[in-house]
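> Have a look at this prediction, sequence included:
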Amino acid sequence: MESLGDLLKAMPGGRNVREQADRLMAELLEDPLVGRLRGKYPELDDETIRLNLNRVYQCAKEYRNCSNCPGLDQCPNDFEGHYTELTVETVGELVQLNDRKVPCKKLTARQSETRIRSRIRSFYIDERALSQGYSADEIVKKDLERVKAVGQIVNYIDRTKEQGLQAEGLYLTGAFGTGKTFLMCYMLHELAKAGHTGAIVYMPEFVEDMKALMFEQGKLKETMDILKDTDLLVFDDIGAENLNPWVRDHVLGSILNYRMNRKPTFYTSNYGLDEIEQHFSFTNKDGDDLHKGQRLMDRIRPYVQPVHVTGQNKRGR
């Protein structure tokens, strides 16, 4: 931003610095911002303004910049996302003008959004699903067929905000591309605003990574501890993974065993609860093992509220 010194140097020649400062002083005294400042602090006299000409000029210049804000990334102020605020105090008979840098509303909103996103961890999920703006009305308008599912999720969010973490999560089922993952990201985002942490895991890639970490106990424990301890855990596209007995029983089973009766777990799937039980009962190594599938479902079925998401396939649109 242009400094007061640069401004005075750029003024037409033929006048000394005192005359140039007098001209700038006259212009500032007519500035509406200075008028409001003097209305708030009647003790602010011309001499105090003259002694603090640089501060007053900078405040007025930054105010004009903010009034025509080009966005945070193109902020023309010296300190990006901040403007100068002036206050006046009287010490004895001396009137003092003080300045401080104040974050603008756009910077405050960005910082707030960053804090919210920092509470959500994404494992193998496209970050765009978590970075989009969210509005329940907009979500409904995008596809009126899923209004019932959106209502269930909004009710769940409101209940959690009022009562704290619930004993049960949600099990979203429906056809491909109906927005199940998006709705879970919406829920995580809204509850992150209330201070809750969350994680969302894309199951097919997660399972393959867990297989690779079988002999790296340190990394495996770190990942499992994160998923055990987060307030809200979403297993996305469950049923699409290629399970083996070790991942099913020692990874997934351990996480769910820890979380039940402690923290809610959520799921999205193209399969219903009965179908997903059949999926858990079969592995390429052991074939069918109905007992193991039922054992895992005992940690899922009693702790979820089913939500059927209907609507059109939105992928590729």
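That came through, no problem. Note that the structure is predicted; figures quoted are calculated from it, not measured.
> So what touches the helix or strand hosting Ile49?
If you go by DSSP states H and E, Ile49 is part of helix 46-51. Applying CB atoms under 8 Å, 6 or more residues apart in numbering, the contact partners of helix 46-51 are 21, 25, 28-29, 34, 56, 88, 95-97. Bear in mind the C-beta positions are built from the backbone N, C-alpha and C, glycine included.
> Same check on stretch 206-214?
Stretch 206-214 is contacted from outside by 123-124, 219-220, 223, 241-244, 246-247, 251, using CB under 8 Å, 6+ apart.
> For the residues you listed, point out the one with the lowest pLDDT.
Within the contacts of stretch 206-214, Tyr124 has the lowest pLDDT, namely 69.
> Now distance to Arg50, neighbour count and pLDDT too, for the contacts of helix 46-51, in a markdown table please.
As requested, the contacts of helix 46-51 are exported to a markdown table (distance: CB to CB, whole Å; neighbours: other CB atoms under 10 Å; pLDDT from 0 to 100):
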| residue | distance to Arg50 | neighbour count | pLDDT |
| --- | --- | --- | --- |
| Ala21 | 8 | 16 | 76 |
| Met25 | 6 | 15 | 85 |
| Leu28 | 9 | 17 | 86 |
| Leu29 | 10 | 14 | 87 |
| Val34 | 12 | 20 | 90 |
| Val56 | 9 | 27 | 90 |
| Val88 | 14 | 17 | 92 |
| Val95 | 12 | 18 | 89 |
| Gln96 | 14 | 13 | 91 |
| Leu97 | 11 | 18 | 92 |
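> could you redo those residues as CSV and give each row secondary structure and distance to Thr268?
Written out in CSV, the entries for the contacts of helix 46-51 read as follows (DSSP: H, G, I helix; E, B strand; the rest coil; distance: CB to CB, whole Å):
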residue, secondary structure, distance to Thr268
Ala21, helix, 67
Met25, helix, 65
Leu28, helix, 60
Leu29, helix, 63
Val34, helix, 57
Val56, helix, 57
Val88, strand, 58
Val95, strand, 64
Gln96, strand, 61
Leu97, strand, 58
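> Now a ChimeraX select for only the buried ones of the contacts of stretch 206-214.
Per 16 or more other CB atoms under 10 Å, the buried members of the contacts of stretch 206-214 correspond to this ChimeraX selection:
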select :123,220,223,241,243,244,247,251
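> could the contacts of stretch 206-214 be laid out in a markdown table, adding distance to Arg262 and secondary structure?
Formatted as a markdown table, the contacts of stretch 206-214 follow (distance: CB to CB, whole Å; DSSP: H, G, I helix; E, B strand; the rest coil):
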| residue | distance to Arg262 | secondary structure |
| --- | --- | --- |
| Phe123 | 20 | strand |
| Tyr124 | 24 | coil |
| Lys219 | 23 | helix |
| Leu220 | 21 | helix |
| Thr223 | 18 | helix |
| Glu241 | 24 | coil |
| Asn242 | 29 | coil |
| Leu243 | 24 | coil |
| Asn244 | 26 | coil |
| Trp246 | 24 | helix |
| Val247 | 21 | helix |
| Val251 | 17 | helix |
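> Spell out the residue ranges of the strands in this structure.
For the chain, applying DSSP state E gives strands covering 82-91, 94-103, 120-123, 169-173, 198-202, 232-236, 265-269, 282-283, 287-288, 304-308.
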